[in-house]
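Q: With the sequence up front, the predicted model follows.
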There are 2 protein chains.
Amino acid sequence: MLDSFKIYFQSKTNLTDDQFLSITDTLQSKKVEKGTILLHQGDICHHSFFVSKGLLRSYTIDETGKEHIIQFAAENWIISDRSSSYFHEPSELFIDAIEDTEIVFIDKNFINAAAEISVSFREQDNTALHNHIRQLQKRVNLLLGATAEQRYLDFITIYPSLTLRIPQWMIASYLGITPETLSRVRKELAKRNFKPY
Amino acid sequence: MLDSFKIYFQSKTNLTDDQFLSITDTLQSKKVEKGTILLHQGDICHHSFFVSKGLLRSYTIDETGKEHIIQFAAENWIISDRSSSYFHEPSELFIDAIEDTEIVFIDKNFINAAAEISVSFREQDNTALHNHIRQLQKRVNLLLGATAEQRYLDFITIYPSLTLRIPQWMIASYLGITPETLSRVRKELAKRNFKPY
DNA sequence: CGAGCGCTTGATTGAGTTCAAAAATCGTGG
DNA sequence: CCACGATTTTTGAACTCAATCAAGCGCTCG
């Protein structure tokens, strides 16, 4: 599993093999099965999770017990609660596995070591933060104005490869609509002869 | 106007007066009147705007001509389109003045110079990015689940000092509801003897 | 002082939710 | 590999929150 992390990481940071090895000797990786919870609401988030295989999600549960999915992370994505790790605050989020998943656990030590020896890592991290902001802002904008159908169309164009892997009720939760509504939206799109795949 | 920026900036970065002066000699500041547009959708965002007095907002306009307000910025806040400046992309956003406003224009040169000479500036900038992510994520979460009333209550508790300064229809736009709905929500709250101020 | 903008109020409409139940799919053990 | 229970998706009907449409009021600022 570390292999794909290495490929991912070096593509972003141009570290030499030696440099990479020197900071990854402590990295843990692990296979978890579908349903495993990696981060609990209320806990402080100590890791970022790199997905080498499988699928994770982060979500909140509100007072009425409803889940709201914040993010998905498939192969070669990193998921975590940045606010919680950065500010050492209890997390709002749960993170769990939608599929059996292979994970590399990235901790503070690694981040610090990488930042220490690599300018490009720091730059890359900064770029990732900006990307995150851009993505969140687009989503806010979508949630402010778009209909259920528009939200779904947006989702399948941005994440075509995830659409078939993620259960519909989770996509609905990500879009802020009910599973029933999503089902009807899809039916309507099919009727209008729309072919997503 | 530069004075309040200096106070703000030094409180966050512990630069000496000399250091501050050495990088702020090129900074422009300006008074703009209510309604002035500082950034147009489609333009690339070259500045961050520090508000020393007054009130700015950023917003999008969708295909149907509707405004969606992304952010407000009053005294001692900075507003910009980070994605646009960082990635040199055309901005999705407009930024304009809700009140007559005094602004300090922060450009790339200043940012780079400050980052060059001050570790604490870089840290501060990183913290600001994380704060921004945290705020956006909370907002996504709110938009995913909360009713009109919950959104409004959240707004007035987070931004009590802005509630009276911002026209109601703009607050409605920020919350993703119509002005009519907000008016009714407020009426309902008043009836239930709720005293916001 | 009046024209325009913002806020309120009312009536109506509509997109999406809720509740309920059937149909389809999945996964797991025998 | 099949069967059966569980989960997911679909469908239907009633309902609800918020949007829309429309009209009137009040303020301000030009």
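A: Structure's in. What do you need? Numbers count the residues shown, from 1 in each chain, chains lettered A, B, ... in the order given.
Q: so residue A:40 makes contact with residue A:94?
A: Yes: look at residue A:40 against residue A:94 with Cβ atoms under 8 Å: they come within range, at 6.2 Å. All C-beta atoms are positioned from the backbone trio N, CA, C, and that covers glycine.
Q: For residue A:152, grab the count of nearby residues.
A: 24 (other Cβ atoms under 10 Å in any protein chain shown).
Q: That one sits in which helix or strand?
A: Secondary structure assignment for residue A:152, by DSSP states H and E: helix A:148-158.
Q: Does that helix reach DNA strand C?
A: Yes: contact of helix A:148-158 with DNA strand C (Cβ under 7 Å from any atom of the strand) involves A:148, A:149.
Q: touching chain B at all, that helix?
A: No: judged by Cβ under 8 Å from any Cβ of the partner chain, helix A:148-158 stays clear of chain B, getting no closer than 9.7 Å.
Q: Residue A:40 and residue A:94 - which one has more neighbours?
A: residue A:94 (21 against 13).
Q: how much space between the residue nearest to the spatial centre of chain A and residue A:173?
A: By Cα atoms, centre = their mean, chain A has its centre lying nearest to residue A:73, at 3.2 Å. Between residue A:73 and residue A:173 the computed distance is 15 Å (Cβ to Cβ, to the nearest Å).
Q: Now do the same for the residue in chain A that DNA strand C sits nearest to: its pLDDT.
A: Residue of chain A nearest DNA strand C, by Cβ to the nearest atom of the strand: residue A:181 (3.1 Å). Each residue has a pLDDT score; the one for residue A:181 is 98.
Q: Domain-wise, how is chain A divided?
A: Here the domain parsing of chain A from automatic domain parsing is A:2-136, A:146-197.
Q: Show me which residues of stretch A:69-78 are buried.
A: A:69, A:70, A:71, A:72, A:73, A:74, A:78 (16 or more other Cβ atoms under 10 Å in any protein chain shown).
Q: What's the end-to-end length of it?
A: End-to-end distance for stretch A:69-78, by Cα to Cα, to the nearest Å: 16 Å.
Q: Could you pull up the mean pLDDT of the helix holding residue A:152?
A: pLDDT averaged over helix A:148-158 gives 96.
Q: Any residue of that helix touching DNA strand D?
A: No: Helix A:148-158 is not in contact with DNA strand D by Cβ under 7 Å from any atom of the strand; minimum separation 11.1 Å.
Q: Tell me the first helix or strand C-terminal of that helix.
A: Past helix A:148-158, the next helix or strand by DSSP H and E is helix A:160-163.
Q: Quick one: distance of that next one to the chain centre.
A: 14 Å (Cα atoms, centre = their mean, to the nearest Å).
Q: Need the contact partners of the helix or strand just after that helix.
A: Per DSSP H and E, the first helix or strand lying C-terminal to helix A:160-163 is helix A:168-175. With contacts defined as Cβ atoms under 8 Å, 6 or more residues apart in numbering or on different chains, helix A:168-175 is touched by A:57, A:59, A:67-70, A:72, A:98, A:148, A:151-152, A:155, A:163, A:178-179, A:181-183, A:186, B:144.
Q: buried set for the longest helix along chain A?
A: Looking across chain A with DSSP state H, the single longest helix is helix A:119-145. Using 16+ other Cβ under 10 Å as the test for burial, helix A:119-145 gives A:121-122, A:124-125, A:129-130, A:132-137, A:139-145.
Q: can you state the direction angle for that helix and helix B:168-175?
A: 120 degrees (axes from the mean of the first three to the mean of the last three Cα atoms, to 10 degrees).
Q: Helix A:119-145 vs DNA strand C: in contact?
A: No: counting by Cβ under 7 Å from any atom of the strand, DNA strand C has no neighbours in helix A:119-145; the shortest distance is 10.3 Å.
Q: gap between that helix and the chain center?
A: The answer for helix A:119-145 is 12 Å, by Cα atoms, centre = their mean.
Q: picking that back up, from the contacts of helix A:168-175, which ones fall inside helices?
A: Going by DSSP H, the helices hold A:148, A:151, A:152, A:155, A:163, A:179, A:181, A:182, A:183, A:186, B:144 from the contacts of helix A:168-175.
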